[in-house]
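Novice: sequence and predicted structure below; questions after.
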Amino acid sequence: MSGGVYYRCYTPMKALAEKYGGEFDITINNTYKFTDVEKDDIGKNFDIVWIHNCLFTSSFQDEVWKMIIYCKKQYGTKFILDIDDYWDYHKNHPAREACVFNMFPEKMMMNFKLFDYVTTTTEYFKNIIKDYFPEDKIFVFENAISSNDEQFSIKKNKSDKLRLGITGGSSHTEDIKQLLEFPKYLNDKQLDEIELVFCGYDTNNADKVTIDENGKIVGKEKLDEKDNWWVQTENKFKSEVKHYKRIESKDIMKGEFGKIYEDIDVLLVPLTNNKFNRCKSELKFIEAGFTNTAVISSKVIPYSNFGVNEEDCLFVKEATPQAWAKAIKKILREKDLFYKIRDINSLRVKYSRNLEDITKKRFEFLKKII
């Protein structure tokens, strides 16, 4: 399962089952093939079905839609669509071609016709969705982390460097470009005070994927280094800093992902200002808060709708390496500011983005629509 499924499906439903097990009988399943037998099983056994994103490739999308229509007609089943990403990827998104090929924007319009309710991550995204779906049937449940989630209850490894972390996955290639060459604007002393920690993507296992006309994967081959943007980026960073560390991808479902923050003191969160990114959530602030990590981020939505500059974060106003270097030099120079933004964000997200409270909101929503 991806991080999106972990935050939007697995942990929320697990928390509902644990806290309100007497009210609901909850099943978490991502293995349905939607055969005729399964369609009847779904209709007979579930009053409400919550589906994450509901954008699929090939004929599987049709099978999901047939299941929804059948269960609504035969059993009166209610369907909830949860969306945590904008459905039309921007032109520089690595998966833009797949988005267009699989007609994700058109498929999402069909989803809006079939589902009874939509849930999402932020008020900003809700305001985008309401142009396509009745506003009174859209509900915001913010991304959250449980105080009992051990992978985010970490203890920092010791270091004499200020460790700057980059945790973006493959969808953030365009965003991370604005960090390239920031070390050029630091002097030797400043370069000696930092360690750059690059994580979240496994360059050793990057594949070039070939798909057929139905969107089915028919072949994979290891990317040549000259075609692998991540390898090139890593080599660039390594050539510019004195102290460098790579942390390979970690599996969030195995309780490993949060542990990457054991080696990060300051999380660098670059984001290009486009519609796709503005529809994201403040999840990086939340992960940082639960792991006692300071945040330097781009001053763009969703982060600018959440953070307060020099209170719980440092904002970078321009998407340039010079601007990022300026913020890094400030945090090196002002230790009290580092502790301040780290601790205030930690207190804030543990109070406002704890899964226990968001679970109560989901409970009240479900009771309302039953």
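Specialist: Cool, got the structure.

Novice: residue ranges with poor pLDDT in this structure?
Specialist: 1-2, 170, 200-219, 223, 225-227 (pLDDT under 70).

Novice: which residue is the nearest non-sequential neighbour of the residue in it sticking out farthest from the centre?
Specialist: Ranked by distance from the centre of the chain (C-alpha atoms, centre = their mean), the top residue is Gln74, with 35.6 Å. Nearest residue to Gln74 in three dimensions, chain neighbours excluded: Gly43, at 5.5 Å (C-beta to C-beta, 6 or more residues apart in numbering). For the C-beta atoms, the positions are set from N, CA and C on the backbone; glycine is no exception.

Novice: circling back to that earlier point, and the gap between the residue farthest from the centre of the chain and Asp40?
Specialist: Distance of Gln74 to Asp40, given as C-beta to C-beta, to the nearest Å: 8 Å.

Novice: break this protein into its domains for me.
Specialist: Domain assignment for the chain, taken from automatic domain parsing, gives 3-144+354-369, 150-352.

Novice: count of neighbours near Ile185?
Specialist: If you look again at residue 185, you'll see it is Tyr, not Ile. 16 (other C-beta atoms under 10 Å).

Novice: remind me, longest helix of this structure?
Specialist: helix 335-352 (DSSP state H).

Novice: how far does that one sit from its chain's centre?
Specialist: Distance of helix 335-352 from the chain centroid (C-alpha atoms, centre = their mean, to the nearest Å) equals 21 Å.

Novice: which residues touch that helix?
Specialist: For helix 335-352, the surrounding residues in contact (C-beta atoms under 8 Å, 6 or more residues apart in numbering) are 142, 145, 147, 162, 265-266, 285-286, 288-290, 292-295, 307, 310-314, 330-331.

Novice: in helices, which of these fall?
Specialist: 285-286, 288-290, 330-331.

Novice: tell me the one among those nearest to Ile80.
Specialist: The nearest member of the ones in helices among the contacts of helix 335-352 to Ile80, counting by C-beta to C-beta, is Ile286 at 22.3 Å.

Novice: buried ones in the longest helix of the chain?
Specialist: Within helix 335-352, the residues that count as buried by 16 or more other C-beta atoms under 10 Å are 338, 341-342, 344-346, 348-349.

Novice: going on from that helix, what's the next piece of helix or strand?
Specialist: helix 355-369 (DSSP states H and E).

Novice: so what's the gap between that following helix and the chain middle?
Specialist: Worked out by C-alpha atoms, centre = their mean, helix 355-369 lies 21 Å from the chain centre.

Novice: could you do stretch 151-162 as well?
Specialist: 22 Å.

Novice: that one spans what distance, first to last residue?
Specialist: 22 Å (C-alpha to C-alpha, to the nearest Å).

Novice: contacts for it?
Specialist: 145, 147, 193-195, 243, 252, 255-259, 261-263, 265-266, 287, 290-292, 331-332, 338.

Novice: can you give me the distance of Ile83 to Phe60?
Specialist: 18 Å.

Novice: please disregard the earlier target; I meant Cys199.
Specialist: Relative to Phe60, and taking C-beta to C-beta, Cys199 is found at 32 Å.

Novice: before we move on, what about Phe257?
Specialist: 27 Å.

Novice: the two: who's more crowded?
Specialist: Per other C-beta under 10 Å, whichever of Phe257 and Phe60 has more neighbours is Phe257, with 20 against 14.

Novice: could you find the closest non-adjacent residue to the more buried one?
Specialist: Lys250 (4.3 Å).

Novice: nearest to Phe56, of the ones in helices among the contacts of helix 335-352?
Specialist: Ile286 (27.6 Å).

Novice: what's near enough to touch the closest one?
Specialist: So Ile286 contacts 143-145, 349, 353 (C-beta under 8 Å, 6+ apart).

Novice: what's the neighbour count on the residue nearest to Gln74?
Specialist: 19.

Novice: in contact with the nearest residue to Ile145 once chain neighbours are set aside, which residues?
Specialist: Sequence neighbours aside, Phe290 is the residue nearest to Ile145 in space, at 4.9 Å (criterion: C-beta to C-beta, 6+ apart). If you count contacts by C-beta under 8 Å, 6+ apart, Phe290 has them with 145, 149, 152-153, 258, 346, 349-350.
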